[in-house]
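>>> Next come a sequence and a model predicted from it.
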Amino acid sequence: MPPALWEQIDSPLLYALPVFAVFIALEAISLRHADPTDTPRPYLAVDTRTSLGMGLGALGFMIAFKALTLVLFVFLWATLAPWHLPTGAWWYWPVLLLVVDLAWYGNHRFSHRVRIGWAAHQAHHSSEYFNLGTALRQKWNPWSEAIFWLPLPLLGFAPWTIYVAFALNLIYQFFTHTETIGSLPRPVEFVFNSPSHHRVHHGSDPEYLDRNYGGILIVWDRMFGTFQRELHTPTYGLTTPVGTYNLLRLQYHEYGNIVRDVRAASGLRDKLGHVFGPPGWQPAARPRTSAAERTA
């Protein structure tokens, strides 16, 4: 591979893939004799193949996304940023990881609360299993991330470092997708995202919906009122299951639902509501008018 091309796609995430494979295999082996009705449950072959297929596809889309947005971010950083932060300073990487994690929280919350964002993100929540394999069930539509990363090069962070920090964030989150680990020590659970916190996030139970958006840190959820501790084993998956293992349908069916609802909507406000309102948004019922009022 030409060095110039490799520089564009090189990422800690690529080096982590063999580690992911080893841990998935170890978890699957350790759970192979588990009772499907107990917690944790064993892997389901077709579900795991679907997650792996999504992960491979997401890797390709991520590389393309990085190549496209890198041009924009370098332009902004080089021409509009009032300063360039020193990447060699001792504080640079801790501050960048903190800022990227906050941007992740914002993007993640947007992806759950705005329907067009949910259409891209919902594929990650489509599995009714929760294990390390589920962590690879990633979206093929990472467009919203660019919106939330956009301020970072303007703040002076070197574009290449933004991608490295984001990859480290994803690597950390891989290990939160498991039922084999219970609660961690309280100081850890207070500050960091954990398997217990992330199980809540993947739950479709009413008390668990739209909670625990944090990537590495759970303190953002505590600060912004979206934290929920684990009360019971969640019911995983979407509130309205898709009922398929077809990759294209899992990734794109919600976009089709949006198009259908927009076409059926009667006014511009309702059409916009179906796109930018929260998932499940419906137009407010309008009071009926009498015949006399309609002809007045």
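All right, it came through fine.
>>> Could you use CA atoms for every contact and neighbour count after this?
Noted.
>>> mean confidence for the helix or strand harbouring G256?
Applying DSSP states H and E as the criterion places G256 in helix 247-264. Helix 247-264 carries an average pLDDT of 96.
>>> Can I get it in PDB, CA atoms only?
Only the C-alpha atoms of helix 247-264 are listed here, as PDB (Å, rounded to 0.1, in the frame of the first residue of the first chain):
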ATOM      1  CA  LEU A 247     -27.700  -5.700   6.600                       C
ATOM      2  CA  LEU A 248     -29.100  -3.100   4.200                       C
ATOM      3  CA  ARG A 249     -32.500  -3.200   5.800                       C
ATOM      4  CA  LEU A 250     -31.000  -2.900   9.300                       C
ATOM      5  CA  GLN A 251     -28.900   0.100   8.200                       C
ATOM      6  CA  TYR A 252     -31.400   2.000   6.100                       C
ATOM      7  CA  HIS A 253     -35.000   1.000   6.900                       C
ATOM      8  CA  GLU A 254     -35.600   4.100   9.200                       C
ATOM      9  CA  TYR A 255     -34.600   6.400   6.300                       C
ATOM     10  CA  GLY A 256     -37.400   4.700   4.300                       C
ATOM     11  CA  ASN A 257     -39.800   5.300   7.200                       C
ATOM     12  CA  ILE A 258     -38.900   9.000   7.300                       C
ATOM     13  CA  VAL A 259     -39.500   9.300   3.500                       C
ATOM     14  CA  ARG A 260     -42.900   7.600   3.900                       C
ATOM     15  CA  ASP A 261     -43.900   9.800   6.800                       C
ATOM     16  CA  VAL A 262     -42.800  13.000   5.000                       C
ATOM     17  CA  ARG A 263     -44.700  12.100   1.900                       C
ATOM     18  CA  ALA A 264     -47.900  11.500   4.000                       C
END
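>>> I'd like the next helix or strand past that helix.
Counting by DSSP H and E, the next helix or strand C-terminal to helix 247-264 is helix 268-276.
>>> Run through the helices of the protein in chain order.
3-9, 12-30, 45-79, 92-113, 115-121, 143-149, 151-154, 159-174, 186-191, 195-201, 219-224, 247-264, 268-276, 291-295 (DSSP state H).
>>> Against which helices or strands is the shortest one packed?
Pointing back at helix 151-154 there. helix 45-79, helix 159-174 (3 or more CA pairs under 8 Å, 6 or more residues apart in numbering; DSSP states H and E).
>>> re the thing from before, so what touches the helix holding G256?
Contacts of helix 247-264 from elsewhere in the structure, counted by CA atoms under 8 Å, 6 or more residues apart in numbering, are 50, 53-54, 116, 119-120, 122-123, 126, 139-140, 242, 244, 270-272, 274-275.
>>> Name the residues of that helix that come out as buried.
Neighbour-count burial for helix 247-264 flags L250, Q251, Y252, H253, E254, Y255, I258, D261, V262 (criterion: 16 or more other CA atoms under 10 Å).
>>> Need the max-distance pair from these.
Spanning the widest gap among the buried residues of helix 247-264 are L250 and V262, at 20.2 Å by CA to CA.
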